[in-house]
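> what follows is a predicted structure for the sequence shown.
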Amino acid sequence: MKLSEIKPEDVLTVFDKPSRKIRERQGKYVSRNADFLTIQFLYYKDSLSLSDLIMGKATLFKDKEAVTLL
């Protein structure tokens, strides 16, 4: 699935590695600009850098399907 196909309120699963452990988070897609992707998680809103997605530091899934930037 392409990132451009995701609509607001779609539920996404984010896998990222801020420290030593891989973290899995689930939240709703809010918005996107040229540099960041904003997701509303249960208790907070977070912005993911698109460069982290490009470099593989974070991975997005929607309904068990990987989300690609192209």
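Okay, I see it.

> and the lowest mean pLDDT element among the helices and strands of the protein?
Lowest mean confidence among the helices and strands of the chain (mean pLDDT, DSSP states H and E): helix 50-55, at a mean of 89.

> who are the packing partners of that helix?
strand 36-40, strand 58-62 (3 or more Cβ pairs under 8 Å, 6 or more residues apart in numbering; DSSP states H and E). C-beta: built from backbone N, CA, C; applies to glycine.

> please identify which of the ones you listed is closest to residue 30.
Of all the helices and strands packed on helix 50-55, strand 36-40 sits nearest to residue 30, with 4.3 Å by Cβ to Cβ.

> strand partners of the closest one, parallel vs antiparallel please.
Paired with strand 36-40 in the same sheet, following DSSP bridges, are strand 23-32 (antiparallel), strand 45-49 (antiparallel).

> ok, back up a step: CSV please, covering the helices and strands packed on helix 50-55 and showing distance to residue 10, mean pLDDT and mean neighbour count.
Supplementary listing: these in CSV, determined by distance: least, Cβ to Cβ, whole Å; pLDDT from 0 to 100; neighbours: other Cβ atoms under 10 Å:
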stretch, distance to residue 10, mean pLDDT, mean neighbour count
strand 36-40, 10, 94, 18
strand 58-62, 6, 93, 18
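
> possible to save these as CSV with distance to residue 13?
Formatted as CSV, the helices and strands packed on helix 50-55 follow (distance: least, Cβ to Cβ, whole Å):
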stretch, distance to residue 13
strand 36-40, 10
strand 58-62, 4
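
> so which of the strands paired with strand 36-40 is nearest residue 62?
So among those, strand 23-32 is nearest, using Cβ to Cβ, at 8.4 Å.

> and that closest one with strand 58-62, angle?
Orientation of strand 23-32 against strand 58-62 (axes from the mean of the first three to the mean of the last three Cα atoms, to 10 degrees) gives an angle of 80 degrees.

> centre of the chain versus strand 23-32, how much separation?
Distance of strand 23-32 from its chain centroid, counting by Cα atoms, centre = their mean, to the nearest Å, is 5 Å.
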